[in-house]
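**Q** Just the structure for this:
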Amino acid sequence: MDSLRTSILTSRTNAPDDNAFISDLNSIIEQRGIAACQAIFQVLTSLELPVEVAAEYWHKVLRHREEMIAALHRNVDLLPALCDFLSTSSDSFKKPKIVEESDFARVVQGTTHDGLTSLFNRPYFDQIFVQNLSLARRYNIDLSVLFLDVDDFKEVNDTHGHQAGDATLQCIARIIRQEKRDSDVAARYGGEEFVLLMPHTDNIHAFVLAERIRTRIEQMELDANGESFRITISGGLASFPINARDADGLLKKADSALYLAKGAGKNVISFYRQEKRRYLRVKFHQPIKIKDLGFNSALSYDGTSKDICIGGILFENKDPLPIGARIQLSVPIKNDDPLLLIGTVVRVEAFKSDYYDIGMTISFKEMEKIASNEIANFLKDTLGGE
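**A** Numbering: from 1, shown residues only. Coordinates of the predicted model:
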């Protein structure tokens with residue numbers, strides 16, 4: 001939509017008269033389709049009309065202008081004809097007001113766009129999102145939402161300063177503008193978080209676009225006071241109608257998918273998926289000791305726990321462990337007294353070079369059985385030794 005608006009504004013500035021301007025607008029409609037009619041009304045009147053309504057009104061405005069020219073026996077510019085049509089033949093204009101075009105453009109820009117990134121702001125996005133979702137429901141078409149969040153953005157501000165942080169957000173916004181389609185709506189949602197609305201787009205095609213944005217940002221090299229640095233983003237995707245059918249639900253699902261991306265190690269785009277955990281997980285970052293049981297009891301590792309619940313624990317480790325392996329973890333819980341947990345490896349995922357996320361289910365029956373065997377063997381060895 002941004003490039004459409006630019007084309008319309010450029011023609012408005014460069015056209016020698018309104019007949020040439022109308023001719024340019026009709027050419028834009030032929031090239032871009034009826035979505036251009038919606039953009040024309042946005043630019044010229046600030047009205048947000050549905051695409052089909054905008055296309056219908058555009059043809060009626062042109063016919064209304066010809067009728068005014070015939071009745072007044074003089075030329076009539078497009079804007080007066082448009083205003084007269086909207087005031088008399090529709091309910092779109094209740095109390096029109098004459099303002100200088102440059103003043104109007106400045107006011108509109110300030111109320112719809114974010115001052116730092118020049119993307120749309122959150123209030124405007126929320127309005128457009130509801131409108132597009134209503135159209136998606138009415139015509140049963142796909143629509144996807146992508147939440148993007150800059151990874152470890154606080155470190156950028158703390159290390160390089162807030163000016164570098166602002167420049168980073170501007171560079172990210174520029175990449176999003178360059179990669180999105182004309183029909184997509186990009187906004188700064190707040191702080192270091194961005195959102196991209198993709199009408200007529202299913203989750204697979206949305207993921208392709210999201211990955212393209214993520215990759216370009218990952219490859220971007222930034223500079224602050226002569227020192228270069230890089231940043232990454234994480235993203236969460238949710239789609240209508242497979243994930244939710246209302247605006248609030250769809251945004252929550254995209255935000256939940258973003259949380260999954262952060263938990264997967266960051267610099268990742270994640271689809272929304274239904275949470276199937278039986279237990280509440282709690283973030284738990286502690287150094288742990290890992291010991292193999294069953295295949296090499298002498299082998300041990302150092303790792304770091306990430307979260308824990310009654311049914312299992314997630315930790316990171318430099319070495320992959322076999323799925324199905326039985327392991328023992330020594331976890332400091334309180335006053336550095338270790339808690340010994342025994343269970344089975346059920347998940348191994350690489351999330352960066354030489355680092356793995358390892359999920360272990362905790363089996364209290366298995367812990368009781370192994371403890372009983374250990375005591376029995378100890379008693380056997382002790383009594384046998386006597």
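
**Q** from here on, contacts and neighbour counts on C-alpha atoms
**A** OK.

**Q** Please name the nearest non-neighbouring residue to the residue nearest the centre of the chain.
**A** Centroid check for the chain by C-alpha atoms, centre = their mean gives residue 147 as the closest residue, at 1.5 Å. In space, residue 147 comes closest to residue 195 once its chain neighbours are excluded; the distance is 4.6 Å by C-alpha to C-alpha, 6 or more residues apart in numbering.

**Q** What helix or strand is the one you found located in?
**A** strand 193-199 (DSSP states H and E).

**Q** Please name the strands paired to that strand in the sheet, noting orientation.
**A** As defined by DSSP bridges, the strand partners of strand 193-199 come to strand 143-150 (antiparallel), strand 185-190 (antiparallel).

**Q** Quick one: the strands in the stretch 151-300 of the chain, in order.
**A** Here the stretch 151-300 of the chain has its strands, by DSSP state E, counting those that start in this stretch, at 185-190, 193-199, 222-224, 227-229, 233-240, 269-271, 282-283, 287-293, 300-309.

**Q** Please export the C-alpha coordinates of the second one as CSV.
**A** So the one you mean is strand 193-199. The C-alpha trace of strand 193-199 is given here as CSV (Å, rounded to 0.1, in the frame of the first residue of the first chain):
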residue,chain,number,x,y,z
GLU,A,193,8.1,-5.0,18.4
PHE,A,194,6.7,-4.8,14.8
VAL,A,195,3.7,-6.4,13.3
LEU,A,196,2.9,-7.3,9.7
LEU,A,197,-0.6,-7.9,8.4
MET,A,198,-0.7,-10.1,5.2
PRO,A,199,-4.2,-10.2,3.5
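
**Q** what's the angle between that strand and strand 233-240?
**A** Angle of strand 193-199 versus strand 233-240, following axes from the mean of the first three to the mean of the last three C-alpha atoms, to 10 degrees, is 30 degrees.

**Q** on that earlier part again, measure the residue nearest to the centre of the chain to residue 319 for me?
**A** 32 Å (C-alpha to C-alpha, to the nearest Å).

**Q** Apart from its chain neighbours, what residue comes closest to residue 339?
**A** Spatial nearest neighbour of residue 339, excluding adjacent residues (C-alpha to C-alpha, 6+ apart): residue 331 at 4.9 Å.

**Q** Residue 216 now?
**A** Nearest to residue 216 is residue 175, by C-alpha to C-alpha, 6+ apart, at 7.4 Å.

**Q** and the one you found, how many neighbours?
**A** Neighbour count of residue 175, defined by other C-alpha atoms under 10 Å: 16.

**Q** go on, residue 143?
**A** Using other C-alpha under 10 Å, the number of residues around residue 143 comes to 25.

**Q** Surely it touches residue 196?
**A** No: in this structure, residue 143 is not within contact of residue 196 by C-alpha atoms under 8 Å, at 10.8 Å.

**Q** quick one: residue 305 and residue 330 touch, right?
**A** No: counting by C-alpha under 8 Å, residue 330 is not a contact partner of residue 305; they are 10.4 Å apart.

**Q** When these two are compared, which one has more neighbours?
**A** residue 305 (22 against 17).

**Q** Now for that one: which residues touch it?
**A** By C-alpha atoms under 8 Å, 6 or more residues apart in numbering, the residues touching residue 305 are 284, 285, 286, 287, 288, 313, 314, 315, 316.

**Q** how about a cut-off of 7 Å?
**A** Residues near residue 305 by C-alpha atoms under 7 Å, 6 or more residues apart in numbering: 284, 285, 286, 287, 288, 314, 315, 316.

**Q** likewise residue 69?
**A** Applying C-alpha under 7 Å, 6+ apart to residue 69 gives the contacts 75, 76.

**Q** Relative to residue 77, how far out is it?
**A** 9 Å.

**Q** now do residue 202
**A** Note on residue 202: its distance to residue 77, by C-alpha to C-alpha, is 42 Å.

**Q** what about those two, which has more around it?
**A** Per other C-alpha under 10 Å, whichever of residue 202 and residue 77 has more neighbours is residue 202, with 19 against 15.

**Q** Right, I'll call it a day here.
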